[in-house]
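Visitor: Kindly generate the corresponding structure for this input.
(one chain, ligands or ions: 2)
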Amino acid sequence: MVEIKSKREIELMKEACRVTALVHKVIERMIKPGMTTLELDKLAEKVIRENGGIPAEKGYPSYEKGVPNFPGSICVSINDEVIHGVPSEKVIIKDGDIVSVDLVVQKGGFHGDAARTYLVGNVPNDAKRLVEITKQAFFEGLQFAKPGNRIGDVSHAIGEFVQKNGYSVVQEFQGHGIGRNMHEEPGIPNYGKAGKGIKLEPGMTLAIEPMVIQGSPDILELDDGWTIITEDGTLSAHYENTILITEKEPEILTII
Ligand code: MF3
Ligand code: CO
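Guide: Ligands and ions are numbered 1, 2, ... in the order given. Here you go, the predicted model:
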């Protein structure tokens, strides 16, 4: 069952999403070569808590045996890392890196989820293009996020756009409904058939999140049980917002 949020629930969603967007603004301003990914994590956690939020990724359960719950407040995935990079004092951000930061804020019992891939210093043009196409893919999907359309219309638009531009979408991970829980129904794949899946209705809150790879779509998981990397070593980018379906145009809740 896909939940339709009430007016009051939507107000609470908006506040959690506002804090999520604010944290990204601070990260965008502060991210620099020489910083460790743990420093970025601590900065994000501070801003989240100062604004009455809780970093919802911290302690997120692993369902794999022997793998600890997620230790970071945010996910930081550099270059060929796709998602779920674990913040570490040993990982130093370098000039020319593309750094994906995916973060979820819980506030007032509701969640805001957004990801950006940041360009650090002098980034090669091919990497810049990947990041730009990944962002555009989100907006291609968003155009279909309206009542009367189906989830498959959103998925199809994202997948086609990425493929047309010569890149691959990750198939093993997807966008999702969001609300009291970080992950709710429906799942929102980044590829699929137009006209398939559930119908969109006003009051649905969704996290749409293209994960794009320069080369082949295949991925691997590192021994830490979290970090997902590209199998072929090419770069990957991520762009995500939490949105609200309305009678008319969708509202992006995690951009301020
Ligand atoms: N923020 C991710 C998403 O977009 C989920 C992260 S799970 C965690 O759905 F364990 F890494 F926190
Ligand atoms: Co998400």
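Visitor: Residues of this structure that sit close to ligand 2?
Guide: Contact residues, the chain versus ligand 2 (Cβ under 5 Å from the ion): 113, 207, 209. All C-beta atoms are positioned from the backbone trio N, CA, C, and that covers glycine.
Visitor: These: which ones sit near ligand 1?
Guide: Contacts with ligand 1 are made by 113, 207, 209 out of the residues of the chain next to ligand 2, judged by Cβ under 6 Å from any ligand atom.
Visitor: List just the nearest of those to Gly85.
Guide: Minimum separation from Gly85 among those (Cβ to Cβ) is found for Glu209, which lies at 15.1 Å.
Visitor: Identify the spatial nearest neighbour of the closest one, chain neighbours not counted.
Guide: For Glu209, the nearest residue in space outside its immediate sequence neighbours is Glu240; the separation is 3.4 Å by Cβ to Cβ, 6 or more residues apart in numbering.
Visitor: Next: His183.
Guide: Spatial nearest neighbour of His183, chain neighbours left out: His176 (4.7 Å); criterion: Cβ to Cβ, 6+ apart.
Visitor: where do the strands sit along the stretch 151-256 of the chain?
Guide: Secondary structure of the stretch 151-256 of the chain by DSSP state E, counting those that start in this stretch: the strands cover 168-169, 175-177, 184-188, 205-208, 211-213, 219-221, 228-230, 236-238, 241-244, 251-252.
Visitor: Stretch 108-128: which residues count as buried?
Guide: Residues of stretch 108-128 classed as buried: 110-120, 123, 127 (neighbour count, 16 or more other Cβ atoms under 10 Å).
Visitor: and the residues you listed, which of them are in helices?
Guide: Using DSSP state H, the subset of these located in helices is Ala127.
Visitor: Does Pro202 touch Lys248 like I think?
Guide: No: between Pro202 and Lys248 there is no contact under Cβ atoms under 8 Å: 9.0 Å.
Visitor: quick one: which of those two has more around it?
Guide: Higher neighbour count among Pro202 and Lys248: Pro202, with 15 against 9, using other Cβ atoms under 10 Å.
Visitor: any idea of the pLDDT on the more buried one?
Guide: Each residue has a pLDDT score; the one for Pro202 is 98.
Visitor: what's the answer for Tyr63, then?
Guide: 89.
Visitor: so how far is ligand 2 from it?
Guide: 17 Å (Cβ to the ion, to the nearest Å).
Visitor: number of nearby residues for the residue nearest to His183?
Guide: His176 sits with 19 neighbouring residues when counted by other Cβ under 10 Å.
Visitor: next one: Leu103
Guide: Here the number of neighbours of Leu103 (other Cβ under 10 Å) works out to 29.
Visitor: Relative to His24, how far out is it?
Guide: If you measure Leu103 against His24 using Cβ to Cβ, to the nearest Å, the figure is 7 Å.
Visitor: Now for the two: what residues contact both?
Guide: Ala114 (Cβ atoms under 8 Å, 6 or more residues apart in numbering).
Visitor: How about the residues of the stretch 51-200 of the chain by ligand 1?
Guide: Going by Cβ under 6 Å from any ligand atom, the residues of the stretch 51-200 of the chain near ligand 1 are 57, 60, 70, 75, 84, 102, 104, 113.
Visitor: so what's the nearest residue to the fourth one once chain neighbours are set aside bridging to?
Guide: Nearest non-adjacent residue to Cys75, counting by Cβ to Cβ, 6+ apart: Asp102, 4.3 Å away. Applying DSSP bridges to Asp102 yields these beta-bridge partners: Cys75, Ala115.
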